Each structure stands twice: as C-alpha cells, then as structure tokens.
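S.K.: Attaching a predicted model along with its sequence, questions to come.
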Amino acid sequence: MTNTICHEFTQDLARNLALFASKDGESYTLDTLIEDAAFKDGVLAALTTLQPGAGVTRLVSPTDSSRLVFVVVDAATTRDAFGELARAAAGVDELYLASAVTEVAEAVEGALLGAYVFDEYKEPKKAPLGALVLPVSDDDAVVRGEILAEAANRVRDLVNLAPNDLYPEVLAQIAEEEATAAGCSVTVYRGKELEEINAAGIIHVGRGSKRHPRLVRIEWAPEDAAEGTVALVGKGITFDTGGYSLKQHSSMTEMKTDMGGAATVLQVLVAAARLGVKRHVVGWMCIAENMVSGIAGHPDDVITYRNGTSVEINNTDAEGRLVLADGLLMASAEGSETIIDIATLTGAQMVALGERTTGIMGSDYAKTLTELAGKVGEDAWHMPLPKHLRESLDSDVADMKNSGTRYGGMLVAGLFLKEFVDAPNWAHVDIAGPSFNRGKPYGVMPKGATGVMLRTLLAAVEN
C-alpha cells in the first residue's frame, strides 16, 4: 500500500466499506458503525443473495453505486482474509473496515501482504489499495504487523528483481545498507577475504562469473540478550545456469529466484532489529552467480573446505549446498547454539511436497521448527534424514560427492549439509517450491515471489 495502516475510524458513508460475513452466508455483522438505516438495509439485502465460498466477494451497494462493499467470506485465517480483502480492493484509495478486529497484527500484516504489487519494470493494471482504516487502538500490534509485512514484501522485491539488476555485488550492498540502517553490524567477505577463510564452496561456484561472489555476515546483538545464539544461513545464488551441468532452457527460467534464502535471512535480521528482539542473531548470506565460462568449475573437480572435508563435484547444478556449507561452517565455528539454513535447494522438494509446502529436516529441533511454522500460519512438513541414503554421497576420490541418488533428493541434500553442522539444534528449510507462486494469487500470496518462511524464522528467533 502507498499508505500505512490507519486505525482511526471516521463515520463517512461516502467512503468504501469492508465487513466480515460468517461463512454460512446468513449472519452478518455491520456493528454500530453504519448508522444510516437505509444504507444498512440495502447492504443486508444484497448480502443475502450471496452463496458461501472462499475468498472475497465484491458488491456495489444497491442504495448508492458509489459505495463499494467488500465481504470476506470463509477465509482460513485473519491474515489470509485481510490479504484477500486488500487484493479485492485494488484501485480503492481508502477502505474503511466496518467490523471489529481482534487479531490486529495478523490483520495489518495480511492487508499489507495482500496489497503487494511488484512494479519495478511496468505499471500495474490497477493501483493497490491506498489505505485501510481499522477501528482499533492497539498501536504495538499495528506496528508489529507493519514490520512483518514490510520484511516479507522486501524479500519479494529482491526475489522478483531481474538478474541483470541483482547480482552478487548488488545483493551484498543492499544487505549492508538495509541491515546497517536497522541497527545491525555487517561484514562483507570478498576476493582475498574469501580465500583467507577458505570459503571453498562459494569461491568454486562463483568462479565462472565475472560478477564475483560474496559472503555477508549480519549480526544483531542487543543488550540483555537471552542466552544462546541463533544463526541463520541463506543460499544466495543470484542466477543459476546449472554450470557445466547445464539446465534445460525451461528449467533455467526463474532461476533469478535462487537467492530467496539469503534474502529471507537478511529481512529476518532487519525485522528482529526493528522489533528489538532480545536475542543474539547472526545471519550468513552465501552469495554467488553460477555461470558457464572458461574458468568455471568442472564436474570431477575436488574442493576442500575449512574443516578439512574434501568434496568431489559430480554435479555443478547442485551448487546451493556447496555455498551453504561455507555458511554452516562459519556459524558452527562461532559456537551458535541453533542453526537454521534456508534455501531454494532442490526440485525434489516440489516432487515430494508440492509447490506450497516447505520441507524441514535436521536434528530433533527440526520438529520444533515445523510445529512453530504451523503456529504462525505457514505450511511445512517435517522430513526424515535416513542414514541409508548417506552412502549415495560416498566418493572414490574424496570424502564425499556433492550429489547422490535422485530418489529422496531433498533428503540427500539435507544429509550433505549435515556434514558441515556442529550445533545442538539444526534445521534445514527447503523452500524451492513455496518461495515462488507460479499460479493465481491466494490468501496473502501474490503471483511471483512469496516471502515464505520469514514469519517462521522470526518466530524461531523470538522463541
């Protein structure tokens, strides 16, 4: 939205109105905010003709064609209801809600998420909802909803940007500017600095591009922080050709989205700082561009990580786990108690769970994180890490290969990452499908980048 959520209701029936209707399609509540009896009767008469269903129904009041009425019918959650409402109200300058709101933060967040439009390269067909006026007075809840939505929408912006505009140097610069502005400290590793810390995976994956790789460390260290450090590690491949294990052209489209994990890590840190979360949090953005060139890495190359683990590259298109390994090693070396990595890692995630459900695996903590996702309204499923699949990563010339059997490919990737984690609590979060919506908008999700799992990771930091 162009304006922030307001929470001062002014009785003005020339304005557009929104109200909630029960899903049985019969019992409607207009509250006492609508004092014009004729107008109220007209709205009720129109509502009785509706059939129950999901989403938002848009009506024009029979008593005054200038007054639009948006009715939320049978929405799954408050957040989704307001997301649908904001999307249905596209083109409206100011919308007044004529129903009571109990879950204020969710309502605000949902409205701002639902109103999201990516307009970097073209004008939208219809302007987003300008402002939503809510009859609430909980300022803290309004601010929280705004911060969460702004963080998720910023992830969407970054993921939607074209790869000629967002490449490693640019993503690292954005991270430094936005995290610093929020009150975090930032360190950017590049060139010789990457060599000094032996970031073997990031160096190898990024060597084929003229746009050099980066490793960005973001730290939020508030006074009186709760005991224990949470580390977040994100995959930041700004474009993925597959390297010499070249993707088919149809699979290469949308590979600008392969940095969604790193963008999520950045915005979780920004949101945590803005909310003043009392937790020491460190984010690692593992950024590179996976290209083909005369100096790009080959299949059969062997790299050795800072912990001495040697890896045979048998698939240059399994590059995400290579760069994540560097971030996991750095987080482990700092003694992080909890490590969560997030990545658009495997097509196997979509085969197993579809395009809307995130896969979470790791130590016992992965179960806790999956439950937390459910509590904050994000679809996720806990996945196993079967020991017998580990042997498919065995190599004749190195400690391990970077790619194993295609059966259970999401789990094999998790087993690879496990080799680089030293922390009592660890979860690997695969958002390959859910991070980008290729279908119609639904709930708070637009078409395109979704910002999925930001809410879950923030909840993990807060808890």
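M.R.: Okay, I see it.
S.K.: ok, now which ones touch L158?
M.R.: By Cβ atoms under 8 Å, 6 or more residues apart in numbering, L158 lies in contact with 166, 171, 174, 259, 263, 266, 449. Where you see a C-beta, it was placed from the backbone N, CA and C, and this is true even at glycine.
S.K.: please redo it, this time with the cut-off set to 6 Å
M.R.: Shown in contact with L158 (Cβ atoms under 6 Å, 6 or more residues apart in numbering): A263.
S.K.: immediately after the host helix or strand of it, which helix or strand?
M.R.: Assessed by DSSP states H and E, L158 sits inside helix 139-160. Sequence order places helix 168-182 as the next helix or strand after helix 139-160, per DSSP H and E.
S.K.: Buried ones in that next one, by neighbour count?
M.R.: For helix 168-182, burial by neighbour count (16 or more other Cβ atoms under 10 Å) applies to 168-172, 174-176, 178-179, 182.
S.K.: The closest residue to D157 other than its chain neighbours: what secondary structure?
M.R.: Among residues not flanking D157 along the chain, F118 sits closest, at 6.7 Å (Cβ to Cβ, 6 or more residues apart in numbering). With DSSP: H, G, I helix; E, B strand; the rest coil as the basis, F118 sits in coil.
S.K.: wouldn't F118 be in contact with N160 here?
M.R.: Yes - here F118 reaches N160: they are 4.6 Å apart, a contact under Cβ atoms under 6 Å.
S.K.: about what we covered before: how close does the residue nearest to D157 sit to N437?
M.R.: Between F118 and N437 the distance is 12 Å, computed by Cβ to Cβ, to the nearest Å.
S.K.: ok, now Q173?
M.R.: Plainly put, Q173 is 28 Å away from N437 if you go by Cβ to Cβ.
S.K.: One more: F420?
M.R.: Relative to N437, and taking Cβ to Cβ, F420 is found at 31 Å.
S.K.: could you say what helices and strands the strand or helix carrying Q349 packs with?
M.R.: For Q349, the host element (DSSP H and E) is helix 347-353. Judged by 3 or more Cβ pairs under 6 Å, 6 or more residues apart in numbering; DSSP states H and E, helix 347-353 is in contact with helix 409-418.
S.K.: Which residues does the helix it packs on contact?
M.R.: By Cβ under 6 Å, 6+ apart, helix 409-418 touches 321, 345-346, 348-349, 352, 359, 361, 385, 389-390, 393, 404, 428, 430.
S.K.: Just the CA trace of that helix, in PDB.
M.R.: Provided in PDB are the C-alpha atoms of helix 409-418 (Å, rounded to 0.1, in the frame of the first residue of the first chain):
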ATOM      1  CA  GLY A 409      16.900 -36.000  -3.400                       C
ATOM      2  CA  MET A 410      15.700 -33.400  -0.900                       C
ATOM      3  CA  LEU A 411      16.800 -35.700   1.900                       C
ATOM      4  CA  VAL A 412      20.100 -36.400   0.300                       C
ATOM      5  CA  ALA A 413      20.800 -32.700   0.100                       C
ATOM      6  CA  GLY A 414      20.000 -32.400   3.800                       C
ATOM      7  CA  LEU A 415      22.400 -35.300   4.600                       C
ATOM      8  CA  PHE A 416      25.100 -33.400   2.700                       C
ATOM      9  CA  LEU A 417      24.600 -30.300   4.700                       C
ATOM     10  CA  LYS A 418      24.600 -32.300   8.000                       C
END
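S.K.: Mind checking the pLDDT average for it?
M.R.: pLDDT averaged over helix 409-418 equals 98, rounded to a whole number.
S.K.: Run the chain-centre distance for whichever helix or strand comes after it.
M.R.: Scanning forward in sequence from helix 409-418 by DSSP H and E, the next helix or strand is strand 425-430. Per Cα atoms, centre = their mean, to the nearest Å, the displacement of strand 425-430 from the mean C-alpha position of its chain is 15 Å.
S.K.: Compare F420 and N437 (neighbour count), which wins?
M.R.: Set side by side, F420 and N437 show more neighbours around F420, with 25 against 18, by other Cβ atoms under 10 Å.
S.K.: Just to check, L345 is in contact with V429?
M.R.: No - counting by Cβ under 6 Å, L345 does not reach V429; the two are 8.9 Å apart.
S.K.: So which of those two has more stuff around it?
M.R.: Higher neighbour count among L345 and V429: V429, with 32 against 29, using other Cβ under 10 Å.
S.K.: ok, back up a step: for burial, what's the neighbour tally of the residue nearest to D157?
M.R.: 17.
S.K.: likewise L97?
M.R.: 25.
S.K.: Quick check, it in contact with A18.
M.R.: Yes - under the criterion of Cβ under 6 Å, L97 makes contact with A18 at 4.9 Å.
S.K.: what comes into contact with the strand ranked longest in the chain?
M.R.: Identified as the longest strand of the chain according to DSSP state E is strand 226-240. With contact meaning Cβ under 6 Å, 6+ apart, strand 226-240 is reached by 163, 166-168, 171, 255-256, 258-259, 261-262, 264-265, 278-287, 289-290, 320, 324, 327-328, 331, 336-343, 461.
S.K.: Same question for stretch 263-275.
M.R.: With Cβ under 6 Å, 6+ apart, stretch 263-275 has contacts from 147, 151, 154-155, 158-159, 175, 178-179, 182-184, 218, 220, 232, 234, 281, 283, 285, 342, 454, 457-458, 461.
S.K.: Now do the residue lying closest to V159 once chain neighbours are set aside, the pLDDT please.
M.R.: Of all residues not flanking V159 in the chain, A449 sits nearest, at 3.5 Å (Cβ to Cβ, 6+ apart). With respect to pLDDT, A449 scores 98.
S.K.: list the contacts for A449?
M.R.: Residues counted as contacts of A449 (Cβ under 6 Å, 6+ apart) are 156, 159-160, 436.
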